[in-house]
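> Quick one: sequence and predicted model below, then my questions.
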Amino acid sequence: MFFLLAKQWPIGLLLCCLFLIGLAPAAAQKSLPGAPAATATPRRQLAAQRTAAPIKLDGVLDEAAWASAPVASQFTEQRPRPGRPERLPTEVRVLYDDAAMYVGAKLIENNADSIRHELTQRDNGGNTDYFAIFIDPYRDHLNGYGFIVLSTGVQMDSRYSPANGEDFAWNAVWESRVAPLPGGKGWSVELRIPYSALRFAAADVQTWGVNFMRQRKKDNQQLFWNEVKPAVDGFVNQWGELTELRDLHPPLRLSLTPYVSSYVNHYPYNEQGKQNTSTSFNAGADIKWGINESFTLDATLIPDFGQTISDNQVLNLSPFEVQYQENRAFFTEGTELFNKGGLFYSRRVGAQPLGFNEASGQLGPGEVLYHNPGVTRLLNATKVSGRTSKGLGVGVFNAVAAASYATLRDTATGRERELLTQPLTNYNIVVLDQSLPHNSYVSLINTNVTRAGTTYDANVTAGVFRFADKKNQHAFNGQLNYSQRRGQNMFSETPVSDRNGYKYYLNYGKVSGNWTWNVDHGIESDTYNPNDLGILFGNNNVSQSATVNYNKYQQFWKVNNLYTTLGVYQSLLFKPLLYQDAGLYGSLNTTFTKSFLSTGFNLNIDLAKHDFYEPRTAPLGGYYVRVPTSYNLGYYASSDYRKKLAYDINAGIRAYETDERFERPRRMGYGLTLSPRYRVSDKLNFRYTFDYGLKVNQIAYVNDGFDLAQPIDQLYSSILGPDVLLGRRNVSTFTNTLTTNYTFTNRLSFTMRVRHYVSTVRYLSFARLHPGGPEEDLPGYQRNHNNSYSAFNVDASLVWWFAPGSQVSLVWKDATATSLLGNEATPLYFDNLTNVANTPHNNNVSVKVLYYLDYLSIRRRKA
C-alpha cells in the first residue's frame, strides 16, 4: 500500500506521513504488558561525607572514613533486563576534602573467576568488568562527566552533552586503584578525582547530579544506582543527586604539558638535490588555565600532530568531498560546545591550502611545480569554554594557520620563486548555550574564517533550540543558519560566489516510550555555504520525512529486546523547485537472549531519482542523471564479544528497475563486510576486517573527463559542447584491515594497524547527457577511461603512560598509494597489491614525550 501511494509522490507521501503519525498515538494508548513506564525514576540521594584524614589510594577501603560514610546500594539492571534488582550487591561511598572527591566501591561476586579482566588501552572497555561514576556539577540534566575504572585498573573518562553524546575523546588527569576482595568474592576500587578535573560553582552547600554504574561482563549486565530506563529519552536527566557538599571552592586550575618530539622520515626520491632521509626536532606545549570557577582556557603552542593515525584514503568518484575522521587530540577533547549546530568540521584547520589545486595553473613559461605543501602549518590554537551556575555555556575557539607557499622552478635556469597558496588565516568560533529545564536548551553559534589580503572571508551564524515538555514525552527541535562570504577567489579578482545563504531545520515528535515518532522539514538555499569551517555535501535542497519507531525493551520470546523503524522521505531541489527523490525505509533489530547474538535488517524502497549533483554542472537544475527505482535489503549480525572468537557481518544488495528508455543491463549493487576478532589472551587480540563493494552498470559522470591532447576527445568535446559525458561502469572496492593489540600492563600497550585499499573502475560504454535528463548513447566513443587506485598504510605505536597525564610514544608509519589510468589500470586485486608493494613507500619513525605539570601538585610537594 505504501508503495502504491508513494508512486504519486506529492499526495502519496503526505498520506503516508499522516498514516504513520496517526498510527503511533493510537498504538501508544494500548496497554503493553511488562513494558517499563516511560517516565524517569524519582531521583535517589546520597550524602557525601567530608574527611580530614588522608586516603591512601590502594583500592582497599580500610580507612575509618569509609566505614562511616553513607552507602549507595540496591542497583537496578538496565540491560539485558531493564528494571530487575541487582542480585550481587554493590556498595558505593563518597568522601571529599578541600582538594578532591574520593569514590570507593565494593563489587561483590560469587568467585574470582566471575570477574572478566582483559587488559586494554586507555578508553577501551574490552571484555572486562568495570565501575563508573557520572557527575553533573551544575545539575542542568544535560551535561556531565564520566569516570570509569576497569577491573584491570585501566581508566576511561568521558563527557556527556547534547551535541557530542557520549564522548570518550575527552581526557582528564585523575587517579584510581583496584584490589581483589578477600576470598575472591569480588573486587574493590578507589578513585581520586581532583576538583581541577571538574567545573563547578562556588557555594556554601551544593548538590550535584550523580549516578553510579556497574558492568558485569560475565552476564553482559549493566546496572545503575539511579535507574536508567531505556524507554526514557536522555541519560544525564536520569541521574540521582549527591548532597551535603559543603564549603567547596573551585581550585586554581593551571597545568602545563610540554612536549618534545623527533622524526626520521625516509622516501626514495632518488633525485639530485633531494635527500631521501630527513630529520626534524619539535618542541611545544599545551596549557590549561582555569580563568575562574566556570571557564577554562586550553591552548596548544606550536602543536605537533605527526603521530596521529593515517587517514583511510579512498577513491572518490562522487561529486562531494570525502569527510575524514578527526584524530588530533586538541580538536577532539572538550569540543562539545563547538560542535553545536554541526557547523565545525575541525579538519578545515590546518587543512589543504586554498590554492593547492590551482597552483599548477600559475606556472610561467618553462616553469614546473617543484614543491606544493598539501597541508598548512598551524601556529597555535586556543579554546575557552565553561558553564556558569545559571546554566549558560560559553565557548570561544581560535586558531591561526601560517601562510603556505608553493615553490616554482625554472627548468632552464634553476631559479625558484614562491607562490602564495594560502594567506595567513584565522579560524574563530563563538558559542552561547543556555540550558533550560526539562532537557531543553537554546544556542547561538558563530563561525568565522578571516584571511589576510583580498582572499575571501567567511562567516556563518546559527540559532539552535530544543524544547521538551515537563514529562519529557515530546520535543520540538530547530535550527536556523545564515552564511556570508566576502572577498575574492584565490588567484583571481573575481568576487566569491555564494555571498549570502540560509538553512533551517524543524523536527517535532514523541521521544519517550515504546512508541515514538517524529516529523521533520528542512531547507538549504542554493547559496548556503558553510564549508570554510564546516562541511556540507550539497546545498540547494528541500527535505522532509516522517518516522515511527516501536521499541520493546523487556525480554520476550527468545530475545532481549526489539527495535523497529518505519518511515517515508522526500526531497526537492530548492531552486528551481524540482523533484529529486522519495522513498520508504524500515528496519528491525534485536538481540537473542541465550547467545547474545545481535542481528537485524533494513529495507529501503527508493523511487526514481533525479540526481542533479552527479552531472557536475552549475547552476543546478538544468541537467540531472535519472536513477531508476531501487530496492535495498541489508542484514547484519554481531556475535557475543565475551567469546574468544567473535564476528561482525554486514551484507546488502540493491536491485534497480530497468531503465525503460534504453536496452541496458540492469543496475545492481552489492556490499559485504566480514570482521572476525580473536582474543588470544587477556593481553593479545587480533581483529581483521574485509570490506567488499560492487556496483554493476552504474551510470555516472566520467571523472577524468576529456583529454584534449587525444584526437577522439577533441572531436567529442566539440560534439557535446556544454552537455555532459556519462559512462556505464562497474566499480569494485576491496579493503583489508588487520589490527593487532598487545597490552603489557594497564599503562603500556602496543597497537599496529595494516590497511590495504583497492578500488577499480571499468567503463563499458558512454552516453551524452542532454538538458532535462535525456541520454544519448555514444557507440563511436571508445577511449579507455578505466582507473584503479590502491593505498597501503601501516600505523604502529608503543605508548607508555609513565605518570598521570604523562606519556612516551614511539610510532612507525608506512604509507604509499598508486593511481593507474587507461591501459595501465587493472581490475585484478593481486596485480594492484603488487603495484602498491613495488611503489616507493614513505616511512616515518618518531618519538614523542609529554610531561604533565600541575601547579597544585607542585605546590603541595613543596609545602
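Structure received. Keep in mind that what you see is a predicted model, and the values were worked out from it rather than measured.
> what ranges of the stretch 101-250 of the chain fall below the confidence cut-off?
Within the stretch 101-250 of the chain, not a single segment meets pLDDT under 70.
> typed the wrong thing, it's the chain
1-37, 862-863.
> Go again with 50.
1-11, 14, 18, 26-36 (pLDDT under 50).
> give me the number of residues near the residue nearest to Pro194 when sequence neighbours are not counted?
Distances taken as CB to CB, 6 or more residues apart in numbering place Ala100 nearest to Pro194, at 4.6 Å, with adjacent residues excluded. Quick note: C-beta positions are derived from backbone N, CA and C, even for glycine. Neighbours of Ala100 under the rule other CB atoms under 10 Å: 20.
> The one 5 residues further on too?
When counting by other CB under 10 Å, one arrives at 25 neighbours for Ala105.
> mind checking which helix or strand it is in?
strand 100-108 (DSSP states H and E).
> Run through who's touching the helix or strand just after that strand.
Counting by DSSP H and E, the next helix or strand C-terminal to strand 100-108 is strand 130-136. Contacts with strand 130-136, where a contact means CB atoms under 8 Å, 6 or more residues apart in numbering, come from 92, 103, 105, 107, 143-151, 156, 160, 189, 191, 193, 198, 208-215, 236, 239, 242.
> ok, the nearest residue to Gly361 once chain neighbours are set aside - contacts?
For Gly361, ignoring the flanking residues on the chain, the nearest one in space by CB to CB, 6+ apart is Phe491 at 7.3 Å. Contacts for Phe491 (CB under 8 Å, 6+ apart) come out as 355, 358, 361-362.
> quick revisit: am I right that the residue nearest to Pro194 is in contact with Tyr195?
Yes. Counting by CB atoms under 8 Å, Ala100 does reach Tyr195; the two are 6.3 Å apart.
> residues touching the residue nearest to Pro194, list them.
192-195 are the contacts of Ala100 under CB under 8 Å, 6+ apart.
> same thing with Asn312?
324-325, 755, 757.
> mind redoing it with 7 Å?
The contact partners of Asn312, by CB atoms under 7 Å, 6 or more residues apart in numbering, come to Arg755.
> Would you mind measuring from it to Ala791?
Using CB to CB, to the nearest Å, we find Asn312 at a distance of 8 Å from Ala791.
> now Lys274
Separation of Lys274 from Ala791 (CB to CB): 23 Å.
> Which one's more surrounded, these two?
Ala791 (22 against 11).
> Which strand residues bridge the more buried one?
Applying DSSP bridges to Ala791 gives these bridge partners: Tyr757, Ala817.
> center of the protein, which residue is that?
Gln325 (6.4 Å; CA atoms, centre = their mean).
> Which parts of the protein are helices?
Counting by DSSP state H, the chain has helices at residues 2-7, 9-28, 64-68, 711-720, 829-838, 855-862.
> now the strands: where do they sit in the stretch 301-450 of the chain?
367-371, 378-387, 392-401, 404-410, 416-422, 425-436, 440-451 (DSSP state E, counting those that start in this stretch).
> between those, which gets nearest to Leu119?
Ranking those by proximity to Leu119 (CB to CB) places strand 378-387 first, at 32.8 Å.
> Can I get the closest one in CSV, CA atoms only?
Extracted C-alpha coordinates of strand 378-387, given in CSV (Å, rounded to 0.1, in the frame of the first residue of the first chain):
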residue,chain,number,x,y,z
LEU,A,378,49.1,25.5,12.5
LEU,A,379,50.8,28.2,14.6
ASN,A,380,48.5,28.0,17.6
ALA,A,381,45.0,27.1,18.7
THR,A,382,43.1,28.2,21.8
LYS,A,383,39.8,27.2,23.4
VAL,A,384,38.0,29.0,26.2
SER,A,385,34.9,27.1,27.4
GLY,A,386,32.8,26.6,30.5
ARG,A,387,29.3,26.9,32.0
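> Now find how far off-centre it is within its chain.
Here strand 378-387 shows a centroid-to-chain-centroid distance of 20 Å under the convention CA atoms, centre = their mean, to the nearest Å.
> circling back to that earlier point, could you export the contacts of Ala100 as CSV, including neighbour count and distance to Phe537?
Listed next are those as CSV, based on neighbours: other CB atoms under 10 Å; distance: CB to CB, whole Å:
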residue, neighbour count, distance to Phe537
Arg192, 17, 46
Ile193, 22, 41
Pro194, 19, 43
Tyr195, 22, 43
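> just checking, which of the residues you listed belong to strands?
Members of those lying in strands (criterion: DSSP state E): 192-194.
> Would you format those as a markdown table with distance to Ala72 included?
Shown next, in a markdown table, are the ones in strands among the contacts of Ala100 (distance: CB to CB, whole Å):
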| residue | distance to Ala72 |
| --- | --- |
| Arg192 | 18 |
| Ile193 | 16 |
| Pro194 | 21 |
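> Is it correct that Thr496 is in contact with Arg485?
Actually, residue 496 is Val. It isn't Thr. Yes. Contact criterion CB atoms under 7 Å: Val496 and Arg485 qualify, at 4.9 Å.
> which residue packs closest to Leu672, ignoring adjacent ones?
Tyr692 (4.7 Å).
> picking that back up, inside strands: which ones of the contacts of strand 130-136?
92, 103, 105, 107, 144-150, 156, 160, 189, 191, 193, 208-215, 242.
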